[in-house]
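Novice: This is the structure alone, sequence omitted:
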């Protein structure tokens, strides 16, 4: 497989290139060929460079608020030059509202502040492989159940139950504010129980407990390549809660599927290899 | 022992004398428990090491502040950077901020203005009015300061490559208001070196840019004596990802380059040095930031006195503006930014800043709404009026940790400055991309630490909440662009075109020679020559900088 070639570009007059430079370096470290245009490039110059350099993908960065005009203009010029096969993604200080508009117009993805460079690299890798047809659509089935999540009122009381009656040991207790929970992991065989106690009244676990009481909350499947799996599910019409993985309890990427699409079970995917367990 | 006492007594007596003309805010200051708060505090033994390294507030080397009474005399200037859309819209925000108790103005210009393009230039596509106000001709500037008397406010303008043009317009507005130019106060950023290094709004190559800067120094020392002719900025260097030491070192290295250029242009150091101002970042590392400000003052005082042999104390004093770090604002849980801003602002105050901008909580998402701009200003007012931190001078002076950290930062920054000196100074280092590379390396390290969770950013890589709602954001009304273009065409039709072209011709001629360019630029703006036209005339002669 050929190396992925990326053009990182700064359209317009914005001079903030910290993000563009950091992304360039991160993509290089992820094994891609990256060309950075430098500042103040017009959409025409960007497209010309992209064609000359024969890139797979263009990454646009703007922090000046000009994205609504300049990003779609790059798509237009690509079209004029019959180079629509070059994918375009973007990033910067871009309000959510504009993110949706831009993605509708054909920008593959807008990454907003706080996105990890790993997420960006994985996304590009998969988008390009898929686009090149190197991605076969065949993905290995999940290897195992990583853990079963159980909603509880009190970690103290429920861990005591498992410790006293089953001699299971708490491996660690972590606060995972992403889900508004405090969790305890208890290894059992090659999987774990994940006990979830709500953090505050806005916690989804709090709502779950109110509605259904304590009990099984979700099942987490260990997958190799989470983004690929999510893309495939999405393409197959499965409703996703998270289209892009977020960081889970142990620091590795996770994503939830919408139970409406899964016949009632709340399924979590987790990729335990990347990011290290 | 006798001599030590007399040093302290001498300082006290000099303050007492100063108080006759500049009384402090209160006759006495005290805590809630009625304990008297002294003006400042000192070690029990005042020896020569103390006097040389730390010194008394308001005295060389100014480690403890450039004034003997600091905020007991007057609080820092609360100066919120603002500007968006049209001059009329921005004028409204300015008057709102002044009504809310803000004490100085700070103008944000849009990128076309900052890079010397008119709003109708193809290069301006999508950028007009976005990050600041669009200024094409003097007419816009007149609207910007409508009903604001230029002898009542001090105005800071974030303008660099075309600083001469915008300053000329400001002078012209003052004249139209009947305000003598000796009375106008403010600051132009005018710091081109950091544009090459970190901010990106350069136009001309370094040599021509340095000449424009020294022309401004010379013109202002004669005609606009109360204006700060440059604001040597570490802010953007830090935002681009540098460490605190790099911010300190590169800013002072740039400062050295400007002083050298001005001296080489034949100016007397004590004529222009008192009008040099600085602009630093107020970042997260609370104590390191405080130490950075203290180290900056001490280093600059030594540089000016020992390296450039300046004689006036005013030339030794490093005065600075602080803006808290925009790059630390998070798009996630934006309300947390209020707390970040408050802590960063507190560090700036404890470090003795002369003026301060606090960021709006939503600025990782867009320009601030009126509400977030108000909370940002209130944050400063709370620090000033509710915490008591401004009742004593340099409250952290003498802390073992702060003094050690101040020494450490100075030592590390000096290593960088030495290295830059050996490369031939800041201009040469910029041309070699030295500082750019150093900053990028630091920025990438920061990102990696963040992703490996070695550094924690609350709400970003820890303590996230799912399902975030974005708050209502400030929107710039796009409709104004059309109106702006119409007015620009109308101005071009209305003005004396022949006169304008004549003056632009004179400007090109002057640019080829050595005459001070300010005079003809002022003439040209008065005839409504535009920012773009003037900058293009200079591009014809100077060319453009290529990265």
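Specialist: That came in fine, so what should we check first? In this text the structure is predicted, and so the values were computed from the model without any measurement.
Novice: ranges for the helices of the stretch 51-200 of chain A?
Specialist: For the stretch 51-200 of chain A, the helices defined by DSSP state H, counting those that start in this stretch occupy A:67-80, A:96-105, A:117-132, A:155-166.
Novice: To chain B, which of these lies closest?
Specialist: With Cβ to the nearest Cβ, the closest approach to chain B among the helices of the stretch 51-200 of chain A belongs to helix A:67-80: 3.1 Å. C-beta here means a position set from N, CA and C on the backbone, and glycine is covered the same way.
Novice: list the buried ones in that closest one?
Specialist: Buried positions in helix A:67-80, judged by neighbour count with 16 or more other Cβ atoms under 10 Å in any protein chain shown: A:67, A:68, A:69, A:70, A:71, A:72, A:73, A:74, A:75, A:77, A:78.
Novice: pLDDT of stretch B:226-237, averaged?
Specialist: The pLDDT scores in stretch B:226-237 average 97.
Novice: just to revisit the earlier point, list, out of the buried residues of helix A:67-80, those positioned next to chain B.
Specialist: A:67, A:68, A:69, A:70, A:73 (Cβ under 8 Å from any Cβ of the partner chain).
Novice: Looks like the second one contacts residue B:126 (just checking).
Specialist: Yes - at 7.3 Å, residue A:68 and residue B:126 qualify as touching, with contact defined as Cβ atoms under 8 Å.
Novice: Report the central residue of chain A.
Specialist: residue A:244 (2.7 Å; Cα atoms, centre = their mean).
Novice: in the stretch 101-250 of chain B, what residue is nearest chain A?
Specialist: For the stretch 101-250 of chain B, Cβ to the nearest Cβ, closest residue to chain A: residue B:200, 1.8 Å.
Novice: for that residue, phi and psi?
Specialist: Main-chain torsions, residue B:200, degrees, to the nearest 10: phi 90, psi 0.
Novice: Could you report the neighbour count for the residue lying closest to it once chain neighbours are set aside?
Specialist: If the residues on either side of it in the chain are set aside, residue B:200 comes closest to residue A:15, at 1.8 Å by Cβ to Cβ, 6 or more residues apart in numbering or on different chains. Other residues within reach of residue A:15, judged by other Cβ atoms under 10 Å in any protein chain shown, total 21.
Novice: now do the one 4 residues further on
Specialist: For residue A:19, the neighbour count with other Cβ under 10 Å is 25.
Novice: Contacts only, for it.
Specialist: A:61, A:63, A:91, A:92 (Cβ atoms under 8 Å, 6 or more residues apart in numbering or on different chains).
Novice: Can you classify it by secondary structure?
Specialist: Reduced to three states with DSSP: H, G, I helix; E, B strand; the rest coil, the structure at residue A:19 is helix.
Novice: can you list the weak-confidence ranges in the stretch 101-250 of chain A?
Specialist: A:135-138, A:178, A:235, A:250 (pLDDT under 70).
Novice: ok, now the stretch 101-250 of chain B?
Specialist: In the stretch 101-250 of chain B (pLDDT under 70), no residue qualifies.
Novice: ditto for the stretch 251-400 of chain B
Specialist: In the stretch 251-400 of chain B (pLDDT under 70), no residue qualifies.
Novice: Quick one: the helices in it, in order.
Specialist: Going by DSSP H, counting those that start in this stretch, the stretch 251-400 of chain B shows helices at B:269-272, B:286-302, B:313-316, B:337-350, B:370-386, B:400-423.
Novice: Chain A: which of the ones you listed is closest?
Specialist: Using Cβ to the nearest Cβ, the helices of the stretch 251-400 of chain B put helix B:337-350 closest to chain A, at 11.7 Å.
Novice: buried residues in the closest one?
Specialist: B:337, B:338, B:340, B:341, B:342, B:344, B:345, B:346, B:347, B:348, B:349, B:350.
Novice: Closest to residue B:265 out of these?
Specialist: Nearest to residue B:265 among these, counting by Cβ to Cβ, is residue B:348 at 33.1 Å.
Novice: The closest one: what's it in contact with?
Specialist: So residue B:348 contacts B:280, B:282, B:289, B:293, B:322, B:324, B:356 (Cβ under 8 Å, 6+ apart).
Novice: sorry, back to before: hey, which of the helices of the stretch 251-400 of chain B is tucked in deepest?
Specialist: For those, average neighbour numbers computed from mean count of other Cβ atoms under 10 Å in any protein chain shown are highest in helix B:286-302, which has a mean of 24.
Novice: Can you report how many residues neighbour the residue of the stretch 101-250 of chain B closest to chain A?
Specialist: Residue B:200: 23 neighbours (other Cβ under 10 Å).
Novice: Repeat that for residue B:95.
Specialist: For residue B:95, using other Cβ under 10 Å, the count is 14.
Novice: Surely it is within a helix?
Specialist: Yes - looking at residue B:95 with three-state DSSP, it is inside a helix.
Novice: which ones are touching it?
Specialist: By Cβ under 8 Å, 6+ apart, residue B:95 lies in contact with B:147, B:148.
Novice: and if you look at residue A:46?
Specialist: A:7, A:9, A:11, A:37, A:58, A:60, A:74, A:77.
Novice: Check the secondary structure at it for me.
Specialist: With three-state DSSP as the basis, residue A:46 sits in helix.
Novice: Tell me how far it lies from chain B.
Specialist: 13 Å (Cβ to the nearest Cβ, to the nearest Å).
Novice: what's the span of stretch B:307-317, first residue to last?
Specialist: By Cα to Cα, to the nearest Å, the extent of stretch B:307-317 from end to end equals 14 Å.
Novice: contact partners of that stretch?
Specialist: B:60-62, B:66, B:256, B:259, B:263, B:269-270, B:273-274, B:297, B:300-301, B:304-305.
Novice: of all these, which comes closest to residue B:507?
Specialist: Relative to residue B:507, the closest of these is residue B:263; by Cβ to Cβ it sits at 25.9 Å.
Novice: ok now do that closest one, which residues does it touch?
Specialist: With Cβ under 8 Å, 6+ apart, residue B:263 has these contacts: B:269, B:308.
Novice: which bits of the stretch 201-350 of chain B sit near chain A?
Specialist: Checking the stretch 201-350 of chain B against chain A by Cβ under 8 Å from any Cβ, the hits are B:201, B:239, B:240, B:241, B:327, B:330, B:331, B:332.
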